[in-house]
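can't give you the sequence, but here's the structure:
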């Protein structure tokens, strides 16, 4: 994400006076430093003066959405992700961010709704399908979740994230194929946390 934001900053650098651009860049860099240290409130505070100047900045709203998400302030995160989505309606990142927030806030219906919207635009979007699968499993909609997983495993047969979701479904539905699936996952990822914890 950091590289992406830097590219956007560079792309817009010609719009700003050189000194102003340097100031903006410095604030973003301080924000990244604070994020690396896990000081999310400070990362937000450093960027707050910029928001006063550029409330319609797509990158800035996206950044606030991400930082508030990390700080577990989900209502604020939702607000900024929605604002970023309004600024750039075609962008997928704010919608993916929203789904993550909804999943962590146990708003599984909302997560499912946004994921379905995304999938209508990009049918095989990796993360939209993965997050939708998680929302469906959380709601015990195992048949639909299995359909989504099968769709994606047809494209990514050795993808551990999707195989893990299938393992969760198998465990919840007492599938006779669970142990075999665990073994397949361990071939791909010998230290897999999900399978190792299930074996204890």
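Thanks, I have it. The structure presented is a predicted model; accordingly, all values stated were derived computationally and were not measured.

and the next helix or strand past the lowest-mean-pLDDT helix or strand in the chain?
Ranked by mean pLDDT, DSSP states H and E, the weakest helix or strand in the chain is helix 2-11, scoring a mean of 49. As assigned by DSSP states H and E, the chain's next helix or strand after helix 2-11 is helix 18-36.

next, the contact list for the residue lying closest to residue 173 once chain neighbours are set aside, please.
Using CB to CB, 6 or more residues apart in numbering and skipping the chain neighbours, the partner closest in space to residue 173 is residue 142 (5.5 Å). C-beta here means a position set from N, CA and C on the backbone, and glycine is covered the same way. With contacts taken as CB atoms under 8 Å, 6 or more residues apart in numbering, residue 142 has the following neighbours: 136, 169, 172, 173.

highest neighbour count among those?
residue 136 (24 neighbours; other CB atoms under 10 Å).

hmm, back to that, could I get the contacts of residue 142 as CSV with secondary structure, pLDDT and distance to residue 51?
Converted to CSV, those look like this (DSSP: H, G, I helix; E, B strand; the rest coil; pLDDT from 0 to 100; distance: CB to CB, whole Å):
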residue, secondary structure, pLDDT, distance to residue 51
136, helix, 98, 36
169, helix, 97, 42
172, helix, 96, 43
173, coil, 96, 47
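
which residues sit against the host helix or strand of residue 81?
Using DSSP H and E, residue 81 sits within helix 74-87. Residues outside helix 74-87 that contact it (CB under 8 Å, 6+ apart): 56-58, 61-62, 64-66, 68-69, 91, 93-95, 97-98, 101-102, 104-105.

likewise for stretch 93-100?
Under the contact criterion CB under 8 Å, 6+ apart, stretch 93-100 has outside partners 61-62, 65-66, 69, 77-78, 81-82, 84-85, 88, 110-111, 114-115, 117-118, 127-128, 131-132, 135.

mind listing what's buried in the helix or strand hosting residue 60?
Using DSSP H and E, residue 60 sits within helix 58-70. Residues 58, 59, 60, 61, 62, 63, 64, 65, 66, 67, 68, 69 are the ones in helix 58-70 that count as buried (16 or more other CB atoms under 10 Å).

ok, the last one touching residue 101?
Okay, so that is residue 69. Yes: checked against CB atoms under 8 Å, the pair residue 69 and residue 101 is within contact range at 5.4 Å.
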